[in-house]
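**Q** Sequence first, then the predicted structure:
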Amino acid sequence: MGLFKTLFTRNSQPDAHHLQAIDITDVEFFTFDVETANEDFGSICQIGVSVVKNGIVHETHAVDINPKCAFSSANINIHGITPERVEKSPVFSEAIRPFEHLFRNTIAISHSNFDTKAISGACARANIDNPVTHWLDSMKVVRNTWPDQFGKRGYGLANLSQHFGIPFNHHDAGEDARVTAEIMLRAFEASGKTPQEWLTFKKPKAYYPNKKVTAEANENGPLFGEVAVFTGELTISRKDAAALAAKDGITVANGVTKKTTILIVGDQDLTVLAGHEKSSKHRKAEDLIAKGQPIRILGESEFLKLIANN
């Protein structure tokens, strides 16, 4: 896997009606990325797919999609896709069709679980079967391949592409998919593990005797005003997670209170939860939500995606 080269890149906006189904012969894996019109996971307005064959990025496709819903200004500011641009584009059920065979029969990789949740949400909205069969989180691969390298700077594609010297136009679904594929080729070579081996990889649980972590927010960070609390085991140390949050303006507290706005949930060890399926912090947050307090509950990958987008 020493060849880091793109043989053929198609980053124009092809009409899905004219895309042929991708030949999956010799495909090792493929990467995908989506952009959404608003905060709804299923509001996909662009999908990008990069196919890897024989250790190189063989082809990349980016297809605009008409989500048939409203666009939020926040999302437009991120990716630049407008309702006018996608007005004559295919809907999701048509746009996904050329890629269905690839999704069903090949390992699909995306950078965090945001994209696979979006595919699931879009399929539910379109009342079609979800084609994702074997999914791998590239953030998990990067964190475990280089555990001490990116924790403080973040696992976003922009940071990773800069580190590896990969040219990149962020927040275009085709570009995000291509860069994810390039990073995965380097990770598979560095780790000595194949995509198939990463599918079943489980990191041994680490023991952190002191889990109480707090951090003061950077007042100039884009998320200043948010107050976050961590619960459960993360794949990175809480100290590193708190540093990432604080850098972007999030205050990190130890306990859930009326000031809490975000709860980040890692894996839970049921043996230490006194018979409960959720931690006391998680249960308290849900009680406050029921009483009207606006607390967002995020998984670790969603938290890292939030940080990467800011």
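**A** All right, it came through fine.

**Q** Identify the residues contacting the residue nearest to residue 296 when sequence neighbours are not counted.
**A** Of all residues not flanking residue 296 in the chain, residue 262 sits nearest, at 5.1 Å (Cβ to Cβ, 6 or more residues apart in numbering). In this view, the C-beta of every residue, glycine as well, is placed from N, C-alpha and C. Counting by Cβ atoms under 8 Å, 6 or more residues apart in numbering, residue 262 makes contact with 226-229, 250, 295-298, 303.

**Q** so what are the domain limits for the chain?
**A** 16-199, 227-309 (automatic domain parsing).

**Q** rank the ones you listed by pLDDT, which is bottom?
**A** Comparing mean pLDDT across the domains of the chain, the weakest is domain 227-309, with a mean of 83.

**Q** First-to-last residue distance for it?
**A** By Cα to Cα, to the nearest Å, the extent of domain 227-309 from end to end equals 18 Å.

**Q** And for stretch 239-255?
**A** 15 Å.

**Q** Next: stretch 246-261.
**A** Its first and final residues considered, stretch 246-261 spans 14 Å by Cα to Cα.

**Q** For it, what is the distance to the chain centroid?
**A** Centroid displacement of stretch 246-261 relative to its chain, using Cα atoms, centre = their mean, to the nearest Å, is 22 Å.

**Q** Would you mark the buried spots in that stretch?
**A** Buried residues in stretch 246-261, counted by 16 or more other Cβ atoms under 10 Å: 246-253, 256, 260-261.

**Q** Now do the same contact list for the residue positioned nearest the centre of the chain.
**A** Per Cα atoms, centre = their mean, the C-alpha nearest to the average position across the chain is that of residue 112, at 2.4 Å. By Cβ under 8 Å, 6+ apart, the contact list for residue 112 reads 137-139, 301-302, 304-305, 308.

**Q** and the domains of the chain as TSV, adding distance to residue 221?
**A** Below are the domains of the chain laid out as TSV (distance: least, Cβ to Cβ, whole Å):
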stretch	distance to residue 221
domain 16-199	13
domain 227-309	2
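
**Q** for those, which one ends up most surrounded?
**A** domain 16-199 (a mean of 19; mean count of other Cβ atoms under 10 Å).

**Q** correct me, but residue 199 touches residue 107?
**A** Yes: the criterion here is Cβ atoms under 8 Å, and residue 199 meets it with residue 107 at 6.7 Å.

**Q** and for these two, which residues touch both?
**A** Each of 134, 136 lies in contact with both residue 199 and residue 107 under the rule Cβ under 8 Å, 6+ apart.

**Q** Against residue 214, how distant is residue 283?
**A** Here the criterion is Cβ to Cβ, to the nearest Å. By it, residue 283 lies 21 Å from residue 214.

**Q** Oh, that last question was meant for residue 82, not what I typed.
**A** Distance, residue 82 to residue 214, by Cβ to Cβ: 41 Å.

**Q** what do you get for residue 254?
**A** 6 Å.

**Q** show me what contacts residue 154?
**A** Counting by Cβ under 8 Å, 6+ apart, residue 154 makes contact with 244, 304, 307-308.

**Q** which residues are in contact with stretch 175-190?
**A** Contact with stretch 175-190 is made by 1-2, 4, 6, 9, 11, 29-33, 48-50, 52, 55-57, 60, 62, 109-111, 138, 141-142, 145-146, 157, 160-161, 164, 166, 168-170, 194-195, 198, as judged by Cβ under 8 Å, 6+ apart.
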